[in-house]
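> Here is my input, please return the structure:
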Amino acid sequence: MMLKDIILEGRDPVSIDVLEKIEGKLGVTFPNSFKEIILYKDSAVFKKSLFKFKEFISGDEWRGCLGSILSFAPGLGELGILWHTQKFKEQIGDGLIPVAEDPGGDFVCFDYRKGKDNPNPPIIYWSHESPENEDISYVADNFDDFINMLYGSEE
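The predicted structure is shown next:
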């Protein structure tokens, strides 16, 4: 993957040490392609940011919009992945790690519920306003598939 071809902008990259500390605190190993993005641009914004998925209850096709990847940089509080994971832990449970927010306040998450040792977990969409047990929708088998399904508004 050529990162300059898919990333529009972002903050300065974080070090591998910072990334590994966050993995340690969360008890997960992120997919290699996701790590490449974090090490290229923290809080990355993608050139193509739209994706389609089936809503959990109705099965209707919904369109999501990927905002920026949550920051891995220390000290960014509400912009950070650790802050979001802690804030929403009671609502989303153990095993879902929010990694990007959409403009409506919903999240794209890694799904580690079947095991935090999975190096390439599925991607889910968590709707923060939906009732419990109706708030999680499957998006893609893994991060690479998710990136490949992104499209632009002109498509």
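> Please name the residues that touch residue 116.
26, 27, 28, 95 (C-beta atoms under 8 Å, 6 or more residues apart in numbering). No exception for glycine: its C-beta is placed from N, CA and C like everyone else's.
> Can you tell me whether I have it right that it is in a strand?
No - checked against DSSP: H, G, I helix; E, B strand; the rest coil, residue 116 lies outside a strand; its state is coil.
> Just give the closest residue to residue 42, not the sequence neighbours.
residue 11 (4.2 Å; C-beta to C-beta, 6 or more residues apart in numbering).
> Going by neighbour count, which of the contacts of residue 116 comes out on top?
residue 28 (20 neighbours; other C-beta atoms under 10 Å).
> Now that that one has come up, it's in contact with residue 113, right?
No - between residue 28 and residue 113 there is no contact under C-beta atoms under 8 Å: 11.4 Å.
> one step back: now do the contacts for the residue nearest to residue 42.
Residue 11 is in contact with 41, 42, 43, 71, 73, counting by C-beta under 8 Å, 6+ apart.
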